[in-house]
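> Model the following, please.
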Amino acid sequence: MTLPHSDATVTQLPEATARANAAASPLSFARKGTLEVRLARTPREIDAAQALRYRVFYEEMSAQADAQTRASKRDVDRFDAICDHLLVFDHALANGAEGDDLPLDAVVGCYRLLRQDVAERHGGFYTASEYDIAPLLERMGKDLRFLELGRSCVLAPYRNRPTVELLWHGIAQYVALHNLDVMFGCASFEGTDPAKLILPLSYLYHFHLTPPEWHVRALPDRYVEMNLMAKEDVNPREAWRMLPPMIKGYLRAGCYIGDGAVVDQQFGTTDVLILFPVTQIAQRYLTKFGSSKPA
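Predicted coordinates:
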């Protein structure tokens, strides 16, 4: 997940845009106990998501921060200003505060969402820095609407089923709200040595690779081979145990995996592309999270 250059310490939406987003966004996608999932509606809420991302990516994991990032304690890039930010709030930490008064630590989970029409007006998708998605968009983009998922993270004490289910529910409602057809983005293994990931990468290649009509390949200068052992030598059960929880969740929902991994030295990860047409998401997920699209 290499960060493009950013000139701002903290990316904020212009006030007029923030007000328009607030007016257009649902008050809430869902609430479970003290947890609520909805879109960010103010610059303060986006700032809270950037602070959470810094805590998870740079302090807990192994992302490498430049001087500006260390000083701001925010994970920021140019895409923040054009994306919608899906947030999970813990109202037990908010003490009744909202908007500009919201405590930063009340945001405990987040996703960044970028619709194709928005990406095309602002220079393309973030994923294009790792994967050659242009041919796919040319083949499918005239008839289907794409949504990029990115920058997902959850604070450690909240990495449990209720929080993850709320995020999935929020994404499902967002997809239905905007009548979107295909979701894609990068998911990561920790570590930058593919030799330590031979089994899970080979498993993804042999059992979950995109079919020809959805083929996507890593950029030539970033491509890392995933077909590292013969299919008959892959132990699916052992490989499954090595997969990160997020990738397991995507696979359970019925996603495909792109051809080729990408090593991201800045974030200390090995990335794979996930792609799933909404109509092919496993039915139990459609039922559970209410992602059936309107006619």
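
> and residue 94, how many residues sit next to it?
A count of nearby residues for residue 94, using other Cβ atoms under 10 Å, gives 17. In short, each C-beta sits where N, CA and C put it, glycine included.

> Would you mind listing the residues in contact with it?
102, 103, 106 (Cβ atoms under 8 Å, 6 or more residues apart in numbering).

> Can you select the buried ones from those residues in PyMOL?
Here is the PyMOL command that selects the buried residues among the contacts of residue 94 (16 or more other Cβ atoms under 10 Å):
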select buried, resi 102+106
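
> Check the contacts of residue 94 against residue 252 and report the nearest one.
residue 106 (29.2 Å; Cβ to Cβ).

> my guess is that closest one contacts residue 88, does it?
No: using Cβ atoms under 8 Å, residue 106 is not in contact with residue 88; the gap is 9.7 Å.

> list the contacts for residue 276?
182, 183, 184, 250, 253, 254, 255, 256.

> which parts of stretch 63-81 are buried?
63, 65, 69, 72-81.

> Using CSV, lay out the residues you listed together with distance to residue 115, secondary structure and pLDDT.
CSV is the format used below for these (distance: Cβ to Cβ, whole Å; DSSP: H, G, I helix; E, B strand; the rest coil; pLDDT from 0 to 100):
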residue, distance to residue 115, secondary structure, pLDDT
63, 26, coil, 89
65, 29, coil, 91
69, 27, helix, 94
72, 27, helix, 96
73, 29, coil, 96
74, 24, coil, 96
75, 21, coil, 96
76, 20, coil, 95
77, 17, coil, 93
78, 16, helix, 93
79, 12, helix, 95
80, 15, helix, 96
81, 14, helix, 95
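
> Where do the helices of this protein begin and end?
15-24, 43-54, 67-72, 91-94, 116-121, 134-140, 161-178, 198-208, 236-241, 245-253, 283-289 (DSSP state H).

> Of those, which is nearest residue 272?
Of the helices of the chain, nearest to residue 272 by Cβ to Cβ is helix 198-208, at 6.2 Å.

> For the closest one, which helices and strands make contact with it?
helix 236-241, strand 256-257, strand 269-277 (3 or more Cβ pairs under 8 Å, 6 or more residues apart in numbering; DSSP states H and E).

> Switch the ones you listed over to TSV; also include distance to residue 210 and mean pLDDT.
Formatted as TSV, the helices and strands packed on helix 198-208 follow (distance: least, Cβ to Cβ, whole Å; pLDDT from 0 to 100):
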stretch	distance to residue 210	mean pLDDT
helix 236-241	18	98
strand 256-257	4	98
strand 269-277	6	95
